[in-house]
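Participant: my questions concern the predicted model and sequence given below.
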Amino acid sequence: MKRAGSQPNRPAHADIPANRKPGFATRAAATKILGAVVDRATPLDGMIDSENGNGAYRSLSKGDQALCRALILTALRHKPQIDVAISGLLDRPLPAGARALSHVLTIAAAQILYLDVPDHSAVDIAVEQANADPRNKRFAGLVNAVLRRLGRGKDKNLARIADVASMPDWFFNRLENIYGPEKAMAISNAQLTPPSIDLSVKADPEGWAAKLGGTFLPTGSVRLDAPSGAIPEMEGFDTGEWWVQDAAAAIPAKLFGDLSGQRVIDLCAAPGGKTAQLICQGGEVTALERSKSRLKRLEQNLMRLQLPVQAVAADMMEFQPEDGLYDAALLDAPCSSTGTTRRHPDVLWTKTIDDIEKLAEVQYQMLRRAIDFVRPGGIVIFSNCSLDPKEGEEVVERLINDGAPAERTAFPAGQLASLTHLFDTSGALRTTPADTFGDGATGLDGFYAAALKRL
Ligand SMILES: C[S@@+](CC[C@H](N)C(=O)[O-])C[C@H]1O[C@@H](n2cnc3c(N)ncnc32)[C@H](O)[C@@H]1O
C-alpha cells in the first residue's frame, strides 16, 4: 500500500527510525553526501539527482531536498573556515578516523554560522546524529559543547575565520603561485557567493532584460538576480527565446563574431549552449558529441530554441568530415571545471593536480586534432572553464612550440569593448570569479579562450 505523500521514486528510508526529530533525515543525508564528496571524491551532481541520486537524498520531500542541497553546498563552500572554527574550540584534535563525526560537526556549523536555521535546532539534531551512530555516541557531549560555544561566540568566531581561504590547500597554493596571494584570496572569496542566473538571448537582450526584470550585462548576457519563478515557467522559455548560460561561458563563441555563410564545427558540443550561439551568429553548424545521452539533451535544447543543427554522435578524435574542411571550429574541451566552483564547490574536493595534468594532455591532443578540421586561414577557438594555465595557456604554448600548423591570432570579433582587461598579452581571454567587468559588475565563472589560425 502507498503511504500518503509518498512519491514513486522516493524509497522509504530504512536507516532512520520514525521517532527522530523533524529535520533529522535531511541532516543525515547531507552528512552522508558531504562525506562521500570529501572522503571518496564522489561528484555531487550525481548524488543529488532526484531520480537517480543517493537513496538518503531521494527519500526526502522536494522541500527537504532543497534544504539538503543548501546544507551541502554551504558546508563545501566554507569547509576550511569551518574546520578552523571548530578546531579552535576543541581541547584536542578529533581522532584521525572520526570522519563521520567531523562531517556531523561541519553540517551543523554551516547552519549555525551561515544559514538561517535556529542554533538550538542545528545543535540538537547534531547531538542526535552522534547518539545514533555507535562510532560517535561517546562524542555526543563534545558535539553539544562545541556547537553551543560556536553559536554563543558566533560573531567572534566569524571574524576569526574571515581571512581563512575557503579552498583545499593544494588548490589555494596553486592559485597563489599562478595569480599571486591577493588575487588568489579574491577568487577564494568570490566563490563563496552563489552565482546569479545568466541568460543568452537569441535577439534583443536589452528588451528581454527589461521584460524579465534582469540586467543587461556588458558581455551581452542578461542577468537575473532574483528570478520571479521556476525557469521553465518564465516568459520566452517555451517559445525558445533564450537559454541559461553563465556570462563567462557565453564569451568564447561570441569572439567568432559574425559567422554568416560559414561552415562551423562545434567539436565538444553538449549540452549545446555554445552551439546555439554559433547558430545565432549565422553559422551553418555541425555539433559533435561523444556521449549519446548528452547529445540527446543538446537536440532537445536546440529543438526548444528552434535552431537548426546537424547533430552527430561521434568522438572528435575519430570523426572524418565528409563534406570537406570547415571555416571555423570551436573546441570547448572537457576540463577540471575549477572556474565553476561558485556553483560546483565539490570540484575542489573531488579533483587533484593529477586530474589537471591528465586533462591537460587530453586537451592538447584534442587541440592538435581540432586544427585538422579547418581549412588554411580558418579559425579554431579553444576554450574551457579551468582556472589553471596548465589547461589553457600552456596547452596553446605547447601546440605552437611543437610546430603544429597554426598560429595565435586576434579574435575575429575584436575584443568586446568593455572587456579588454580580461585579455592577456597573447590576445587570449582569461576570466576568474574575482574579475570585474563593464561598469564594475562582478560574478563570472573562470574561463580561458584562445584563437588559432590554421596555416
Ligand atoms: C565542457 S563540455 C562542452 C559544453 C558545451 N560546449 C556547451 O557550451 O554547452 C565538454 C563536452 O565534450 C564531450 N566530449 C569529451 N570528449 C569528447 C570527444 N573526444 N569527442 C566528442 N565529444 C567529447 C563531453 O561529453 C562533454 O559533453
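Facilitator: Structure received. Numbering: from 1, shown residues only.
Participant: show me where the stretch 251-400 of the chain has helices.
Facilitator: Using DSSP state H, counting those that start in this stretch, the helices of the stretch 251-400 of the chain run over 251-254, 273-280, 292-304, 347-350, 353-372, 393-401.
Participant: out of those, which gets nearest to residue 236?
Facilitator: helix 292-304 (10.8 Å; C-beta to C-beta). To be clear about C-beta, it is placed using only N, CA and C from the backbone, and glycine gets the same treatment.
Participant: and the contacts of the closest one?
Facilitator: Contact with helix 292-304 is made by 237-238, 240, 243, 269-273, 275-276, 279, 287, 289, 308-309, 311-313, as judged by C-beta atoms under 8 Å, 6 or more residues apart in numbering.
Participant: do a quick rundown of the strands in the stretch 101-250 of the chain.
Facilitator: 197-201, 215-216, 222-224, 242-244 (DSSP state E, counting those that start in this stretch).
Participant: in JSON lines, list those strands along with distance to the ligand.
Facilitator: Formatted as JSON lines, those follow (distance: least, C-beta to the nearest ligand atom, whole Å):
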{"stretch": "strand 197-201", "distance to the ligand": "10"}
{"stretch": "strand 215-216", "distance to the ligand": "21"}
{"stretch": "strand 222-224", "distance to the ligand": "17"}
{"stretch": "strand 242-244", "distance to the ligand": "9"}
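Participant: among the ones you listed, which is the most enclosed?
Facilitator: Mean neighbour count (mean count of other C-beta atoms under 10 Å) peaks for strand 197-201 among the strands of the stretch 101-250 of the chain, with a mean of 23.
Participant: coming back round to it: okay if I get the strands of the stretch 101-250 of the chain as CSV plus mean pLDDT?
Facilitator: Listed next are the strands of the stretch 101-250 of the chain as CSV, based on pLDDT from 0 to 100:
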stretch, mean pLDDT
strand 197-201, 97
strand 215-216, 94
strand 222-224, 96
strand 242-244, 98
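Participant: okay if I get the ones you listed as a markdown table plus distance to residue 429?
Facilitator: Listed next are those as a markdown table, based on distance: least, C-beta to C-beta, whole Å:
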| stretch | distance to residue 429 |
| --- | --- |
| strand 197-201 | 16 |
| strand 215-216 | 20 |
| strand 222-224 | 19 |
| strand 242-244 | 21 |
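Participant: re earlier: which one of the helices of the stretch 251-400 of the chain lies nearest to the ligand?
Facilitator: With C-beta to the nearest ligand atom as the measure, helix 273-280 is the member of these nearest the ligand (3.7 Å).
Participant: what is the neighbour count of the residue nearest to residue 271 when sequence neighbours are not counted?
Facilitator: Closest residue to residue 271 apart from its sequence neighbours, by C-beta to C-beta, 6 or more residues apart in numbering: residue 297 at 4.8 Å. When neighbours are defined as other C-beta atoms under 10 Å, residue 297 has 14 of them.
Participant: list the contacts of the closest residue to residue 149 other than its chain neighbours.
Facilitator: Excluding its sequence neighbours, the residue lying closest to residue 149 (C-beta to C-beta, 6+ apart) is residue 89, at 5.1 Å. The neighbours of residue 89, taking C-beta under 8 Å, 6+ apart as the test, are 146, 149, 150.
Participant: are any of those residues buried, and which?
Facilitator: By neighbour count, with 16 or more other C-beta atoms under 10 Å, these hold 146, 149, 150 as buried.
Participant: okay, and which of these map to helices?
Facilitator: 146, 149, 150 (DSSP state H).
Participant: given the worst-scoring helix or strand of the chain on mean pLDDT, what are its sheet partners and their directions?
Facilitator: In the chain, no helix or strand scores lower on mean pLDDT, DSSP states H and E than strand 441-442, which sits at a mean of 86. According to DSSP bridges, strand 441-442 forms sheet pairs with strand 436-437 (antiparallel).
Participant: distance from the partner strand to the middle of the chain?
Facilitator: 19 Å (C-alpha atoms, centre = their mean, to the nearest Å).
Participant: got a list of what the residue nearest to residue 168 when sequence neighbours are not counted touches?
Facilitator: Leaving aside its sequence neighbours, residue 168 sits nearest to residue 348 (C-beta to C-beta, 6+ apart; 5.4 Å). Residues near residue 348 by C-beta under 8 Å, 6+ apart: 167, 168, 171, 338, 341.
Participant: gap between residue 298 and residue 290?
Facilitator: Distance, residue 298 to residue 290, by C-beta to C-beta, to the nearest Å: 12 Å.
Participant: ok, those two, which is more surrounded?
Facilitator: Using other C-beta under 10 Å, the more surrounded residue of residue 298 and residue 290 is residue 298, with 22 against 18.
Participant: now do the more buried one against residue 320, distance only.
Facilitator: Distance, residue 298 to residue 320, by C-beta to C-beta: 21 Å.
Participant: now residue 362
Facilitator: 20 Å.
Participant: again, but for residue 237
Facilitator: 37 Å.
Participant: and these two? Which one has more around it.
Facilitator: residue 237 (16 against 7).
Participant: right, and the more buried one touches residue 231 too?
Facilitator: Yes - counting by C-beta atoms under 8 Å, residue 237 does reach residue 231; the two are 6.4 Å apart.
Participant: give the residues shared as contacts by those two.
Facilitator: In contact with both residue 237 and residue 231: no residue, using C-beta under 8 Å, 6+ apart.
Participant: quick one: pLDDT of residue 19?
Facilitator: pLDDT, residue 19: 77.
Participant: next, count neighbours for the residue of the chain found nearest the ligand.
Facilitator: When scored by C-beta to the nearest ligand atom, the chain has residue 268 as its residue closest to the ligand, at 3.1 Å. When neighbours are counted by other C-beta under 10 Å, residue 268 registers 21.
Participant: please shift the residue numbers so they start at 56 in all later answers.
Facilitator: Sure, I'll start numbering at 56, so the last one becomes residue 323.
Participant: what helices and strands are in contact with the longest strand seen in the chain?
Facilitator: Secondary structure of the chain per DSSP state E: the longest strand is strand 429-439. If you count contacts as 3 or more C-beta pairs under 8 Å, 6 or more residues apart in numbering; DSSP states H and E, strand 429-439 packs onto helix 306-309, strand 381-387, helix 408-427, strand 502-509.
Participant: tell me the domain boundaries of the protein?
Facilitator: 79-216, 302-509 (automatic domain parsing).
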